[in-house]
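**Q** Mind folding the following:
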Amino acid sequence: MMFRSFLPAALIITAVPALHGAVSPAGRNSQEAESAEGRHKLAVAELRRVAGPAIDKMSSSLETRSFIRDLLESKERMGDLMLAGPLENPEKTLRILAAIWKADPQGVLDRHEQTTAAAVALMFAKEKWPEDKAINRYNFYRDSRLAGQLHPQFDTFETWEKCLVVSGGQNGGWSDNGEAWGDDSFVWLRDNVKLPAKDYLDACWQAPYKLNNLFGDSIHGQNYYAPFTHVIHAERVRDVGGVCGSLSHYGANAARANGLPATTMGEPGHCAYAVRVARGDWEPAYTLSWERGLHMSLWGKTWTQLILQEKVIGDREHYPKSMAHVWQARAVKEKNPDLAEQAYAAALEVQPQNYAAWTESVDFLKESRKPTAEAWEVIAKSICTALAEYPEAAWDVLARIQEPAMKALPVERREAFFLKYHELICKQEGPGMWAFDKALDAQSKALGADDAQGLVFFEKVLALQSVSKTWFAPTIAWGQKRFGEGDSAGEFFAVLGRVFASATSGGNEQGIKAALAPAVIAAEKAGNIDAFQALGKAGAAYRKTSSAKVEPFSGMLLSSGGLLQPSSTCQYDSPVNHWGVLEETGGSFHTDRQVRPNVVVRLGKLGDVSGIVITGTDYGQNAGRQMPLKVSISEDGTKWREVFRTTESEGPWRIPLTGKASRVLYVKAERDDDRDEFFHLAGIRVYGRKLQ
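**A** Model prediction:
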C-alpha cells in the first residue's frame, strides 16, 4: 500500500489516516478504548484470545466456573491481570489465581487481597517458578498485612507494584528448612529486619562479607552453609556471612518481605540490588557499576526499562487506554493490518512513552507493512521524539528498525537517520549511564563506514553532543577507541580541535586541551571510567607529569585504569592532567576554594591494598593547603574508614596498609578542617593485590 505521514499530535508513526475521527469501524474502536466499559470488553477479548481453551475448560468445570465468571465480569480484577505488565503465561496464571481464590474465597473479596492474589499469580506463572509455592506466598502477604506487619506503603500498591514485592526468593531455590530463600526466610526477614524504607539500602550490611566461613569453606564450594542447615537461610546469611550475592539477596528480600518493591541485579563480577523507597524513586544499593542487569523487572532487564516502566505503567489515566488500543491491534493484525496499524498509532498517541507498545508496533510494521524510505524516516523521528528523555530506550526501539530502514533508504540519507537520534537526545541526561558506545558502534557499522567515512560521522555526532552533559564524554571516548591510534589518530585530534576549540584557538594545542577539559570533567561527574580513561590517554601529549619518584608498595598499581573525582575544579585546574594522578607518571588536580575539599579515587580494580603513596604538587608556600590531610578507604563509596591523617606538610606520604585494607575500591583524600581554601595533589597511587 502507499504510506503517508501520520503524526497525531506531532508524533507517532506513518500509516493510514489517524484512528481518531476515522470512519466505522475504527471510530467505534477508538471510542471503545476511551470508556471503562469498552476497555473491560477489550481486556476480556484479549484474555480470550491468548487463553481461550483454558477459559473454556474452566467455564465448563463446576469447580472453577464461578471463578472464571466473576473474573471476566469484574473491571477491577481484569485490570489487575491485564495491566500489570506482560502476561507471560496466561494459562498458568489463571490456574494459580483460581487456586488462590479456592483456598481463600472470603479473603479475595477484599480489594487488597485481590491485587495481592493477581500479583502472585502473575509472578509465579513465570517459567520455572514453582506453581505449588504460590499460595504460600499469597498467604504470607495476606496474613502479614492483616497483622499490620508490612510497610505502610504496601496498602497503597496496585497489582503491578506488588509484582515487584511478591517476587522475592530464588538464588538457590525456594525451599524452607535452611536450604534457600523460602517462606521461612521471608517470615524471619519480616520479623527481624524492620526499617524505614530508605534504610533497606543498607540492610545488606547486617551480614558480614566473608569468602570463607569459620571452618575455612569457600562460598564457591558446597560446604559453606553445610554446617548450618538447621538455621533459616536468611538468619544464617546474617550470622555466617556470604559474598555480594548473598548480601544483596538479603537486602532485597528484606525489603520485599516487609512489603517494598526491590530487585537484585548483576554487575560485572558483582551482585547488587535496588529498592523502590517511594513511588518513582528506585535507588541502587551495594552497587559498584552502572552496568546493571536486573534480575526482576516487568520490562526487560536494564535500569532504563525499570525507571520507564514506573512512569508508564504508573500512569493510570493513560496506560489503560494505550493498552486497550494495543489489544485492538493484536485482535485484527492478521486479518486487517490497516486497522491494526491505526490501533498501534492510537496507543502511542495516547501514551507516547509506552515502550512496550513501541517495540510491538515497530515489529509489526517491519514484518507486515514494509514501510517506504520516507515512512522509516518519520517513524525514526517519532521514536526519538517520544523517548528522548530515555536515550537507551529510544535507541533500543530504533535499533529494531535499523536494518529494514537502511535497506530502504538511499545511501545519502542513511547518516541523517542516525544523526536525528543524536540531535533529539543531546540535551537529555537520561535515568543513568548505559552502553552508549555500543550504540555508536552499531550506527557506524550500519553506515558501512571505513575510517575516513567513520570520522566524518564521528565529527557530526560530536558536534551535536557538544552541548550534552552526559553523552559528550562517551562520544569522545568512543572516537578515541575507534580512531585514536594508528593512521587515523591525527585526524581524530583534528576533529576534536575543529568541533570544540574556541574561535581563537583553532586546532592548536590549546584548542585540543579546551576540548578535552570539559569532557574529562563530564566523565568524572558521570562516573564513567571508560570515558575518563579514553580521554586521559587522548590528552597524553598535552599532560604535564610529576617528576617525584617514590618507592612503591608491593603488588600491582590498583589505581591504574581508575577514575578521579575531585570535589570541584577552578581556573587553576588542568583536567587533562587528572589521569596521571592515578598512574606512575603523576599528574595534578586543583579544586576551587571550598570547605573540606576532597578527591575520590575509584580504583581500576577491587583490591586488597598493601599501601598508598600520595604526592603533592607543592611542598613549599602552598603546601599547607592540604593540611590536615586525611585519607579514607571504602568498598562501596558510601561507608568510609579513616586510615591516615597528618599535619606534616612535607611529602610524599607513604601509607602502609598490609593486612588492614582487605577489600577496597575507593580511596578519598581530603582536607579535614573548616577553612575555605584550595586543595591540590599530584599523585594518589594505590598498590596491592587484585580481587576481581
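**Q** Please, where are all the helices along the stretch 151-300 of the chain?
**A** Using DSSP state H, counting those that start in this stretch, the helices assigned to the stretch 151-300 of the chain run over residues 159-163, 183-192, 233-240, 244-257.
**Q** and these as CSV, adding mean pLDDT and mean neighbour count?
**A** From N, CA and C alone the C-beta is placed, and that goes for glycine too. Below are these laid out as CSV (pLDDT from 0 to 100; neighbours: other Cβ atoms under 10 Å):
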stretch, mean pLDDT, mean neighbour count
helix 159-163, 98, 24
helix 183-192, 94, 20
helix 233-240, 92, 22
helix 244-257, 96, 27
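**Q** Distance to Q114 added to these, as a markdown table?
**A** Formatted as a markdown table, these follow (distance: least, Cβ to Cβ, whole Å):
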| stretch | distance to Q114 |
| --- | --- |
| helix 159-163 | 8 |
| helix 183-192 | 21 |
| helix 233-240 | 29 |
| helix 244-257 | 20 |
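**Q** now for those helices, which one comes closest to G430?
**A** Nearest to G430 among the helices of the stretch 151-300 of the chain is helix 159-163; the distance by Cβ to Cβ comes to 22.7 Å.
**Q** which residues sit against the closest one?
**A** Contact partners of helix 159-163, identified using Cβ atoms under 8 Å, 6 or more residues apart in numbering, comprise 79-81, 83-85, 115-116, 118-119, 122-123, 141, 154, 261, 298, 313-314.
**Q** The same query, at a cut-off of 10 Å, please.
**A** Defining contact as Cβ atoms under 10 Å, 6 or more residues apart in numbering, one finds that helix 159-163 is touched by 76-77, 79-85, 112, 114-123, 141, 153-154, 157, 166, 259-261, 276, 279, 296-298, 309-310, 313-314, 316, 319.
**Q** that older thread, ok, which of the helices of the stretch 151-300 of the chain comes nearest A386?
**A** Of all those, helix 159-163 sits nearest to A386, with 21.2 Å by Cβ to Cβ.
**Q** Please save the CA atoms from the closest one in PDB.
**A** Taking C-alpha atoms only, helix 159-163 is exported to PDB below (Å, rounded to 0.1, in the frame of the first residue of the first chain):
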ATOM      1  CA  THR A 159      -1.100  -5.100  41.300                       C
ATOM      2  CA  TRP A 160       1.900  -4.100  39.100                       C
ATOM      3  CA  GLU A 161       3.700  -2.600  42.100                       C
ATOM      4  CA  LYS A 162       3.000  -5.700  44.200                       C
ATOM      5  CA  CYS A 163       4.500  -7.900  41.400                       C
END
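**Q** and it, how far from the chain's centre?
**A** 19 Å (Cα atoms, centre = their mean, to the nearest Å).
**Q** show me what contacts K445?
**A** Contacts of K445 by Cβ under 10 Å, 6+ apart are Q402, G454.
**Q** in the strand or helix carrying it, what's buried?
**A** Using DSSP states H and E, K445 maps to helix 436-446. Neighbour-count burial for helix 436-446 flags F436, D437, A439, L440, Q443, S444, A446 (criterion: 16 or more other Cβ atoms under 10 Å).
**Q** ok, now stretch 429-438?
**A** Going by neighbour count (16+ other Cβ under 10 Å), the buried part of stretch 429-438 is G430, P431, G432, M433, W434, F436, D437.
**Q** State the pair within those residues that is farthest apart.
**A** Using Cβ to Cβ, the buried residues of stretch 429-438 reach their maximum pairwise distance at P431 and D437, which is 18.0 Å.
**Q** on that earlier part again, let me know the next secondary structure element after the helix holding K445.
**A** Assigned by DSSP H and E, the successor of helix 436-446 is helix 451-465.
**Q** that older thread, want to throw the buried residues of stretch 429-438 into CSV with pLDDT?
**A** Formatted as CSV, these follow (pLDDT from 0 to 100):
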residue, pLDDT
G430, 92
P431, 94
G432, 90
M433, 91
W434, 94
F436, 96
D437, 95
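**Q** Okay, buried residues for stretch 223-231 please.
**A** Under the neighbour-count criterion of 16+ other Cβ under 10 Å, stretch 223-231 has Y224, Y225, F228, V231 buried.
**Q** Could you find which two of those are furthest from each other?
**A** The widest separation within these, taken as Cβ to Cβ, falls between Y224 and V231 and amounts to 12.8 Å.
**Q** shared neighbours of those two, anything?
**A** V240.
**Q** First-to-last residue distance for stretch 552-567?
**A** Distance across stretch 552-567, first residue to last, is 26 Å (Cα to Cα, to the nearest Å).
**Q** How about stretch 210-221?
**A** Note: stretch 210-221 ends 13 Å apart using Cα to Cα.
**Q** which outside residues touch it?
**A** 209, 223-228, 236, 240-247, 662-663, 691.
**Q** quick one: average pLDDT of that stretch?
**A** For stretch 210-221, mean pLDDT is 85.
**Q** for stretch 357-372, same thing?
**A** Here the average pLDDT along stretch 357-372 is 94.
**Q** hey, C-alpha coordinates of it in PDB?
**A** C-alpha atoms of stretch 357-372 as PDB (Å, rounded to 0.1, in the frame of the first residue of the first chain):
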ATOM      1  CA  ALA A 357       3.700  -0.500  22.700                       C
ATOM      2  CA  TRP A 358       6.600   1.000  20.700                       C
ATOM      3  CA  THR A 359       8.500  -2.300  20.500                       C
ATOM      4  CA  GLU A 360       5.400  -4.200  19.500                       C
ATOM      5  CA  SER A 361       4.300  -1.700  16.900                       C
ATOM      6  CA  VAL A 362       7.600  -1.300  15.100                       C
ATOM      7  CA  ASP A 363       8.000  -5.100  15.000                       C
ATOM      8  CA  PHE A 364       4.500  -5.200  13.400                       C
ATOM      9  CA  LEU A 365       5.500  -2.500  10.900                       C
ATOM     10  CA  LYS A 366       8.700  -4.100   9.700                       C
ATOM     11  CA  GLU A 367       7.200  -7.600   9.500                       C
ATOM     12  CA  SER A 368       3.800  -6.800   8.000                       C
ATOM     13  CA  ARG A 369       3.700  -3.300   6.500                       C
ATOM     14  CA  LYS A 370       7.100  -2.800   4.700                       C
ATOM     15  CA  PRO A 371       7.300   1.000   5.000                       C
ATOM     16  CA  THR A 372       8.900   3.200   2.400                       C
END
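**Q** Pull out the buried residues from it.
**A** Applying 16+ other Cβ under 10 Å to stretch 357-372 flags A357, W358, T359, E360, S361, V362, F364, L365, K366, R369, P371 as buried.
**Q** now that stretch, how far from the chain's geometric center?
**A** That offset, for stretch 357-372, works out to 26 Å (Cα atoms, centre = their mean).
**Q** switch to numbering from 881
**A** Noted, 881 is the first residue going forward, which turns the last one into stretch 1237-1252.
**Q** Can you give the domain ranges for this structure?
**A** Listed by automatic domain parsing, the domain ranges of the chain are 1245-1418, 1423-1570.
**Q** Return the member of the ones you listed having the minimum mean pLDDT.
**A** Mean pLDDT values for the domains of the chain show the minimum at domain 1245-1418, a mean of 88.
**Q** Counting residues, name the longest strand you see in this protein.
**A** Using DSSP state E to define each element, the chain has its longest strand at strand 1478-1495.
**Q** next structured bit after that strand?
**A** Reading on from strand 1478-1495 to the C-terminus, the next helix or strand found by DSSP H and E is strand 1509-1514.
**Q** Going through the contacts of helix 1039-1043, which ones are buried?
**A** Burial by neighbour count, 16+ other Cβ under 10 Å: within these this picks out 957, 959-965, 992, 994-1003, 1021, 1033-1034, 1037, 1046, 1139-1141, 1156, 1176-1178, 1189-1190, 1193, 1199.
**Q** Which of those fall in strands?
**A** R1156.
**Q** how far off helix 1331-1345 does the strand or helix carrying P1354 point, in degrees?
**A** Here P1354 sits within helix 1352-1363, counting by DSSP H and E. Relative orientation of helix 1352-1363 versus helix 1331-1345 (axes from the mean of the first three to the mean of the last three Cα atoms, to 10 degrees): 170 degrees.
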